[in-house]
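K.L.:
All I have is the shape, not the residue letters:
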């Protein structure tokens with residue numbers, strides 16, 4: 001055991017002497033630093049160019065003020081002409097342009113009476129995508145807020161002989177909502193949206209590091225590193241090789257999560273990361289045993305990372321394709337941090353990977369003996 005531990009340390013030293021390995025491990029810290037720097041600068045999920053036509057009535061101006069005064073991850077910029085606002089979107093500097101008609105009160109009344117209008121709010125986009133549906137929901141909520149007030153106000157005058165000055169008092173604001181972070185009840189509600197996907201990026205980066213260990217092992221094996229490394233359990237030796245790379249990367253990843261501000265708690269993070277390290281260690285060994293070629297591993301790495309990014313909750317949390325998700329390593333890690341059910345699922349996945357890798361290891365050994 002002492003001899004194996006000494007070899008483990010020597011193997012760790014050998015890895016540290018590799019410039020590509022050190023660069024790969026430390027690159028994530030640079031990524032976190034850049035991400036934190038970007039999060040402090042002015043940025044948004046989308047930028048909207050707004051123009052209010054000349055001679056705007058109180059309703060149009062109120063809509064503009066409500067939109068511009070909103071504190072959100074959307075950036076709003078007002079322009080002095082419709083052409084300037086539209087050009088902002090046409091050139092790609094803005095994601096959409098909203099042209100608000102001067103007589104918005106008439107627009108609201110026409111809509112209330114006929115459910116259509118000849119003077120709509122014009123929206124200009126370069127191409128439709130998911131973010132535009134989200135932006136349209138924001139605009140509609142602001143317009144319907146004004147429309148509801150105007151319709152109720154007219155009804156009050158016609159049927160009650162009084163105005164509706166109390167309407168604004170009963171519009172739900174931030175005071176009616178309260179956000180709770182299930183992962184960490186004491187976490188700040190002001191987490192910048194830019195650093196939110198950090199955990200997903202870390203999970204993918206860890207997977208890349210683990211797969212890289214397969215390429216390192218094949219290279220060292222082809223160059224005779226293990227000729228004089230006699231051991232009674234070669235499977236354990238190979239497993240230890242992959243573990244070194246994955247474990248080093250995991251330590252750096254945990255530090256990155258802490259610095260990035262998405263660390264949920266020591267015990268929870270360590271438990272989830274421990275299971276993920278085991279999964280990635282076994283997964284990288286399985287990939288190496290299956291492909292057994294530096295070129296093949298290099299070719300299939302982008303494919304594996306792409307599949308992992310799609311079927312893991314890095315950007316979008318899919319509610320289907322459970323079969324595929326259950327064989328994607330990052331999926332178990334990203335889910336297990338907040339849900340104990342997936343922690344158990346990840347543990348079962350690790351056991352299955354161990355059994356498959358062990359079986360493949362002995363199968364390759366039998367094939368090699370016959371050859």
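P.N.:
Noted; the coordinates are in hand. In this text the structure is predicted, and so the values were computed from the model without any measurement.
K.L.:
shouldn't residue 67 be in contact with residue 142?
P.N.:
Yes: in this structure residue 67 lies within contact range of residue 142 using Cβ atoms under 8 Å: 5.8 Å. No exception for glycine: its C-beta is placed from N, CA and C like everyone else's.
K.L.:
quick one: which of the two has more around it?
P.N.:
residue 67 (21 against 17; other Cβ atoms under 10 Å).
K.L.:
my guess is the more buried one is in a strand, correct?
P.N.:
No: with DSSP: H, G, I helix; E, B strand; the rest coil as the criterion, residue 67 is assigned helix and is not in a strand.
K.L.:
check contacts around it.
P.N.:
48, 50, 76, 98, 139, 142 (Cβ atoms under 8 Å, 6 or more residues apart in numbering).
K.L.:
at 7 Å what do you get?
P.N.:
Contact partners of residue 67, counting by Cβ atoms under 7 Å, 6 or more residues apart in numbering, are 50, 76, 142.
K.L.:
where does the stretch 251-371 of the chain dip in pLDDT?
P.N.:
In the predicted model, the stretch 251-371 of the chain carries pLDDT under 70 at residues 366-371.
K.L.:
what do you get if the cut-off is 80, keeping everything else the same?
P.N.:
260-262, 315-320, 338, 340, 364-371 (pLDDT under 80).
K.L.:
buried sites along the longest helix along the chain?
P.N.:
Secondary structure of the chain per DSSP state H: the longest helix is helix 340-370. Neighbour-count burial for helix 340-370 flags 342-343, 345-346, 349-350, 353-354, 356-358, 361 (criterion: 16 or more other Cβ atoms under 10 Å).
K.L.:
distance between that helix and the chain's centre?
P.N.:
Chain-centre distance of helix 340-370: 29 Å, with Cα atoms, centre = their mean, to the nearest Å.
K.L.:
Is it possible to get CSV of the buried residues of helix 340-370 that adds distance to residue 276?
P.N.:
CSV is the format used below for the buried residues of helix 340-370 (distance: Cβ to Cβ, whole Å):
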residue, distance to residue 276
342, 11
343, 10
345, 12
346, 7
349, 10
350, 9
353, 12
354, 15
356, 18
357, 16
358, 20
361, 22
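K.L.:
Just give me the closest of those to residue 247.
P.N.:
For these, the residue nearest residue 247 by Cβ to Cβ is residue 350; the value is 14.7 Å.
K.L.:
The closest one and residue 277 touch, don't they?
P.N.:
No: using Cβ atoms under 7 Å, residue 350 is not in contact with residue 277; the gap is 9.6 Å.
K.L.:
Please work out how many residues are found near residue 17.
P.N.:
Residue 17: 9 neighbours (other Cβ under 10 Å).
K.L.:
How about residue 115?
P.N.:
So residue 115, with other Cβ under 10 Å, has 7 neighbours.
K.L.:
Give me the distance between it and residue 109.
P.N.:
12 Å (Cβ to Cβ, to the nearest Å).
K.L.:
do the same with residue 85
P.N.:
For residue 85 relative to residue 109 (Cβ to Cβ), the value is 25 Å.
K.L.:
The stretch 151-300 of the chain: helices as residue ranges?
P.N.:
Taking DSSP state H, counting those that start in this stretch, the helices of the stretch 151-300 of the chain run over residues 198-222, 234-260, 266-291, 294-311.
K.L.:
what angle sits between the third one and helix 234-260?
P.N.:
The directions of helix 266-291 and helix 234-260 differ by 140 degrees, with axes from the mean of the first three to the mean of the last three Cα atoms, to 10 degrees as the criterion.
K.L.:
next one: the last one
P.N.:
Comparing the axes of helix 294-311 and helix 234-260 via the same axes, to 10 degrees yields an angle of 50 degrees.
K.L.:
which parts of helix 294-311 are buried?
P.N.:
Going by 16+ other Cβ under 10 Å, helix 294-311 has these buried residues: 294, 296-297, 301, 304-305, 308-309, 311.
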